[in-house]
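S.K.: Test case, fold it:
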Amino acid sequence: MKSKSILTNKLVISLLFIFLVWFCAYDIDWSKLAAFSWSGFGQTLAQLMKPDFTIFYDGSGEDILSLMVITVGIAFVGTTIGTILCIPFVLFASKNLWKGNTIIPAIGKFVLDILRAFPELVYAIIFIKVVGPGPFAGALAIGVHQIGMLGKLFTEEMELMDDVPVEACHAVGANGIQTMFYARIPQLLPIYASLVLNHFEIGVRSASTLGLVGAGGIGAVLVFAIQARRWGRVSMILLTVIATVFLLDVLTGIIRKKLR
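M.R.: Model prediction:
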């Protein structure tokens, strides 16, 4: 009887999944596939296999290496802003810090939901109007979005943490601040550091596209190269982004292992 119920549940979930896929794909204009050309795709792919190494570095400050360094800087500053500014929201949104009060955590979570509801590109467009185009607008865009993303993850970890050390601190007369520094932070710091490193990697990928709207970094050069069909340039830019993300992944992975 139990196995039959499990089988029924799996069947229902499978049917719901199939319906969801059909529903999401229903409004897509599949007629565009008729314009797809394998020969054109092959030619583009062949040109992408010939990266233009002459643009990687020329000392002008507008070469690919310099722009990639700026892109990583945008992500680093943005992640730093998000990490610092999300802490007050975490303190408001964590239910276990407001026992007996459900309104304040609900408001804190709602604000974090709003902050992460919009992608970095939307924030970048807004900040370009406020502070002007350039890397600073990109850093602010990533920072505000990271407040919502990191704030949510930090809050979840705060609520799921082991309360035994907290209760032990309270038992010996520790106040809220002492409990935070001696019981909560030691538990949460390695997890928070790992989350920050992970979102720094995500920030680099996001910063690579913010140049599309004038927020600095390598994105503007990429879109101009694509529009001009200069596939050698496109290939060199993509290779640089891939290599940077790979190196950062290796580096942050090493740091995360040290923190465990």
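S.K.: State the helix or strand in which the most centrally placed residue in the chain lies.
M.R.: With distances taken as CA atoms, centre = their mean, residue 202 lies nearest the centre of the chain, 3.9 Å away. Per DSSP states H and E: residue 202 is located in helix 185-210.
S.K.: The helix or strand following that helix packs against which elements?
M.R.: Following helix 185-210 in sequence order, the next helix or strand is helix 219-227 (DSSP H and E). Judged by 3 or more CB pairs under 8 Å, 6 or more residues apart in numbering; DSSP states H and E, helix 219-227 is in contact with helix 64-93, helix 185-210, helix 231-259. (C-beta placed from N, C-alpha, C; glycine too.)
S.K.: Okay, now the unreliable bits of the chain?
M.R.: 1-4, 260 (pLDDT under 70).
S.K.: can you rerun that using 50?
M.R.: Across the chain, nothing is flagged by pLDDT under 50.
S.K.: buried set for the helix holding residue 202?
M.R.: 187-188, 191-204, 206-210 (16 or more other CB atoms under 10 Å).
S.K.: Over to stretch 170-178?
M.R.: Within stretch 170-178, the residues that qualify as buried are residue 174, counting by 16+ other CB under 10 Å.
S.K.: Can you list the neighbours in contact with that stretch?
M.R.: By CB atoms under 8 Å, 6 or more residues apart in numbering, the residues outside stretch 170-178 that reach it are 169, 179, 182-183.
S.K.: Now the buried members of those.
M.R.: Of the contacts of stretch 170-178, these count as buried by 16+ other CB under 10 Å: 169, 179, 183.
S.K.: what's the first one in contact with, if anything?
M.R.: Going back to what we said before, that points to residue 169. Under the criterion of CB under 8 Å, 6+ apart, the neighbours of residue 169 are 178-179, 182-183.
S.K.: of those residues, closest to residue 17?
M.R.: residue 183 (43.0 Å; CB to CB).
S.K.: OK, contacts around the closest one?
M.R.: So, once contact is read as CB under 8 Å, 6+ apart, residue 183 ends up touching 165-166, 168-169, 174.
S.K.: mind redoing it with 7 Å?
M.R.: Residue 183 sits next to 165-166, 169 when contact means CB atoms under 7 Å, 6 or more residues apart in numbering.
S.K.: again with residue 165
M.R.: Residue 165 makes contact with 183, 187 under the criterion CB under 7 Å, 6+ apart.
S.K.: And the contacts of stretch 219-236?
M.R.: Contacts of stretch 219-236 (CB under 7 Å, 6+ apart): 44, 47-48, 50-53, 55-56, 64, 67, 208-212, 214, 237.
S.K.: which element is residue 41 on?
M.R.: Residue 41 belongs to helix 38-48, assigned by DSSP H and E.
S.K.: Run through the neighbouring helices and strands of that helix.
M.R.: With contacts taken as 3 or more CB pairs under 7 Å, 6 or more residues apart in numbering; DSSP states H and E, helix 38-48 sits against helix 231-259.
S.K.: how much does the helix it packs on deviate in direction from helix 219-227?
M.R.: Relative orientation of helix 231-259 versus helix 219-227 (axes from the mean of the first three to the mean of the last three CA atoms, to 10 degrees): 140 degrees.
S.K.: Next, the buried residues of stretch 214-232.
M.R.: If you call a residue buried by 16+ other CB under 10 Å, then stretch 214-232 has these buried ones: 214-223, 225, 230-232.
S.K.: And it, end to end?
M.R.: Stretch 214-232 has an end-to-end distance of 23 Å (CA to CA, to the nearest Å).
S.K.: next one: stretch 90-99
M.R.: Taking CA to CA, stretch 90-99 runs 15 Å from one end to the other.
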